[in-house]
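In: here is my input, please return the structure:
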Amino acid sequence: SFLTAAPLSSALDIIRTIRDPEKPNTLEELEVVTESCVEVQEIGEDEYLVVIRFTPTVPHCSLATLIGLCLRIKLQRCLPFRHKLEIYISEGTHSTEEDINKQINDKERVAAAMENPNLREIVEQCVTEPD
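Out: Numbering: from 1, shown residues only. All right, here's what the predicted structure looks like:
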């Protein structure tokens with residue numbers, strides 16, 4: 001599938017440098033995101049469905065929602081093509097994965113979270129490229 005190689009690598013390049021909210025590492029270094037966690041399907045002319053399945057570092061990670069939010073915000077800003085975005089926690093890797101999946105795929109909740117100045121600041125710190 002030659003077509004999806006470019007969108008796939010651009011999606012991966014965008015998320016691999018997101019930093020963990022608590023650690024100095026990137027999500028890729030912590031294996032929260034890996035190459036196999038990104039799936040891209042063509043759903044229309046020049047439009048793609050991008051599915052990300054990330055794995056929190058611990059099953060009760062309190063930051064899983066925040067990491068999902070960082071993934072969504074950075075991809076929305078940086079993906080160079082039209083897309084729909086679905087972000088999930090890898091099945092069985094978090095104690096409240098269903099709730100978190102609902103939260104990070106709900107446009108209104110995401111918008112509300114980004115209106116919170118404290119949350120927004122953390123997200124900005126995580127998604128900003130290191131100089």
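In: quick one: the strands in this protein?
Out: 38-44, 47-54, 82-89 (DSSP state E).
In: make TSV from the ones you listed and add distance to Asn25, mean pLDDT and mean neighbour count to it.
Out: Glycine gets a C-beta too; all of them are placed from N, C-alpha and C. Below are the strands of the chain laid out as TSV (distance: least, CB to CB, whole Å; pLDDT from 0 to 100; neighbours: other CB atoms under 10 Å):
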stretch	distance to Asn25	mean pLDDT	mean neighbour count
strand 38-44	19	93	15
strand 47-54	14	96	20
strand 82-89	19	96	17
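In: and the residue positioned nearest the centre of the chain, what is it in contact with?
Out: Centroid-nearest residue in the chain: Leu71, 2.3 Å away (criterion: CA atoms, centre = their mean). Residues near Leu71 by CB atoms under 8 Å, 6 or more residues apart in numbering: Ile15, Ile18, Leu27, Val33, Ile52, Phe54, Ile87, Ile104.
In: the fifth one reaches Val33, doesn't it?
Out: When you say that, I think you mean Ile52. Yes. Judged on CB atoms under 8 Å, Ile52 makes contact with Val33 at a distance of 7.1 Å.
In: between these two, which contacts overlap?
Out: Ile15, Leu71.
In: just for this protein, where's the confidence low?
Out: Scanning the chain for pLDDT under 70 picks out the ranges 1-5, 130-131.
In: mind doing that once more with 90?
Out: 1-9, 45-46, 57-62, 80, 129-131 (pLDDT under 90).
In: hey, where'd the helices end up in it?
Out: Using DSSP state H, the helices found in the chain span residues 2-16, 64-78, 97-104, 107-115, 117-127.
In: what's the most buried one of the ones you listed?
Out: Most buried of these, by mean neighbour count (mean count of other CB atoms under 10 Å): helix 64-78, with a mean of 21.
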